[in-house]
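> Need a 3D model of the following:
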Amino acid sequence: MTSDQRNSPKLLMGIIGGMVAIIVLFFAYQWFMSSSREVTTESESINSTVSTPLKPSEPVRTMDEKTIQLVDESILKTATPNDPALAKEEMAKLEDIQTQLHDQENILKAQHNDADQLIMLKEEQIKLIEAQLVQK
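Sure, this is the predicted structure:
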């Protein structure tokens, strides 16, 4: 190859385009494979926790008919396993679910309090801006 052919803009653009296409394909493959793994693990974890529910230690509380029901009422009616090892395993699963629900409740309460504080601060900011506009 001569030096003119090596420095050709068409050749450089072709090489750059090929490299970009390979990189895009690689990232697309990684993204599709990771999303399919997440879907299967989420569905497996949901199926494993819902497949053999036990009677919870606390009754299901419903606040309104409009609120979303997080726990299925059929849990209250299913029989407990006769094998003590299975019963302990199910109790451990239910305790984990209960702690996750409590953690989620605490997080939501904290977010609600933060939102209330932001609303109060925004109202004060609006009052200050209105006062500045009145002064002008």
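
> contacts, neighbours, all on C-alpha from now
Noted.

> Work out for me the element Thr78 sits within.
Secondary-structure assignment from DSSP states H and E places Thr78 in no helical or strand segment.

> Quick check: it vs Asp72, distance?
11 Å (Cα to Cα, to the nearest Å).

> Then Gln132?
Counting by Cα to Cα - Gln132 and Asp72 are separated by 55 Å.

> need the longest helix for this protein.
Once the chain is assigned using DSSP state H, the helix that runs over the most residues is helix 84-135.

> Now that one: average pLDDT?
Averaging pLDDT along helix 84-135 gives 92.

> count of residues packed around Leu94?
For Leu94, the count of nearby residues is 18 (other Cα atoms under 10 Å).

> That should have said Glu90, apologies.
20.

> Please apply the same query to Glu105.
12.

> same question, Gln98
15.

> Torsion angles phi and psi at Ser8?
Backbone geometry at Ser8, expressed as degrees, to the nearest 10, gives phi -70, psi 130.

> what about it, distance to Ile22?
Distance from Ser8 to Ile22, by Cα to Cα: 22 Å.

> ditto for Leu94
Counting by Cα to Cα, the gap from Leu94 to Ile22 is 47 Å.

> ok, now Ser74?
From Ser74 to Ile22 the distance is 51 Å (Cα to Cα).

> Ala87 now?
For Ala87 relative to Ile22 (Cα to Cα), the value is 52 Å.

> Could you do Asp103 as well?
With Cα to Cα as the criterion, Asp103 and Ile22 are 44 Å apart.

> Please apply the same query to Lys93.
Distance from Lys93 to Ile22, by Cα to Cα: 45 Å.

> Mind checking which of the two has more residues around it?
A count of neighbours by other Cα under 10 Å puts Lys93 above the other of Lys93 and Ile22, at 16 against 12.

> Could you list the domains of this protein?
Listed by automatic domain parsing, the domain ranges of the chain are 1-51, 79-136.

> okay if I get these as CSV plus distance to Ile68?
Formatted as CSV, the domains of the chain follow (distance: least, Cα to Cα, whole Å):
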stretch, distance to Ile68
domain 1-51, 17
domain 79-136, 13
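
> mind checking how far Asp83 is from Glu123?
Counting by Cα to Cα, the gap from Asp83 to Glu123 is 60 Å.
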